[in-house]
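S.K.: mind folding the following:
(one chain, ligands or ions: 1)
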Amino acid sequence: MKNPGYADVIPAIRALTEGETDEVALEATIACELYHRFERFDWVGFYRVVSPGLMKIGPYQGGHGCLVIPFERGVCGACATKRETVIVPDVDAFPGHIACASSTRSEIVLPVFDGAGELIAVLDIDSDTPDNFDETDKAELEAMLAEVFRRV
Ligand code: SME
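M.R.: Here you go, the predicted model:
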């Protein structure tokens, strides 16, 4: 099983966030748990939708991330525009990839929707390992985000 961590991390996040409805508190907790649970996740963080077409950095773990991302730019902007998860096996092959760290080789970015179905953020996970993310990561992370943020 490639991702033994998911069998533990989802229940852990469920317990850590039980009853919480504050977006930033939930994001900070999830970023911390995912970053420390998965060695293959080298940056974990949220970019929050702060106005139409614009995101700003939220809670994250890892090296400094860029502060502002318009929907027109980067993997995060592509995810926010499409409102769908984007998996990038090779960041050097993604036109307009925003490199916050030169060591990043692959990336997954997932949309975060509130209980009303509004896009409120994206979850960005970078890896220094090429082609690090797959459909299991997508399914597990999407389900966790839906469960947690439907309370917001
Ligand atoms: N790589 C992202 C930017 C965020 S830094 O990786 C933390 C992108 O292309 O949108």
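S.K.: per-residue confidence for the residue of the chain found nearest the ligand?
M.R.: Minimum separation of the chain from the ligand (C-beta to the nearest ligand atom) falls at G74, amounting to 2.5 Å. (Glycine included, C-beta is placed from N, CA and C.) Looking at G74, its pLDDT stands at 98.
S.K.: quick check: closest non-adjacent residue to the residue nearest the centre of the chain.
M.R.: The residue lying closest to the centre of the chain (C-alpha atoms, centre = their mean) is L123, at 1.9 Å. Closest residue in space to L123, ignoring its immediate chain neighbours: L110 at 4.7 Å, by C-beta to C-beta, 6 or more residues apart in numbering.
S.K.: mind checking how far the lowest-mean-pLDDT helix or strand in the chain is from the chain centre?
M.R.: When the helices and strands of the chain are scored by mean pLDDT, DSSP states H and E, helix 5-16 comes last with a mean of 93. Its chain's C-alpha centre lies 16 Å from the corresponding centre of helix 5-16 when counted by C-alpha atoms, centre = their mean, to the nearest Å.
S.K.: in that helix, what's buried?
M.R.: 5-6, 9-10, 13 (16 or more other C-beta atoms under 10 Å).
S.K.: quick check: the residue of the chain closest to the ligand touching G96?
M.R.: Yes: applying C-beta atoms under 8 Å, one finds G74 in contact with G96, separated by 6.0 Å.
S.K.: so which of those two has more stuff around it?
M.R.: Neighbour comparison, G74 and G96: the larger count goes to G74, with 26 against 10 (by other C-beta atoms under 10 Å).
S.K.: what sits against L145?
M.R.: 30, 110-113, 123 (C-beta atoms under 8 Å, 6 or more residues apart in numbering).
S.K.: which of those fall in strands?
M.R.: Counting by DSSP state E, the contacts of L145 place 110-113, 123 in strands.
S.K.: R37 - how many residues pack around it?
M.R.: R37 has 15 nearby residues by other C-beta under 10 Å.
S.K.: actually T21, not the one I wrote
M.R.: T21 has 13 neighbours, counted by other C-beta under 10 Å.
S.K.: and for I30?
M.R.: By other C-beta under 10 Å, 26 other residues sit near I30.
S.K.: can you check V24 too?
M.R.: As a burial measure, V24 scores 12 neighbours (other C-beta under 10 Å).
S.K.: that one falls within a helix, correct?
M.R.: Yes: under DSSP: H, G, I helix; E, B strand; the rest coil, V24 sits within a helix.
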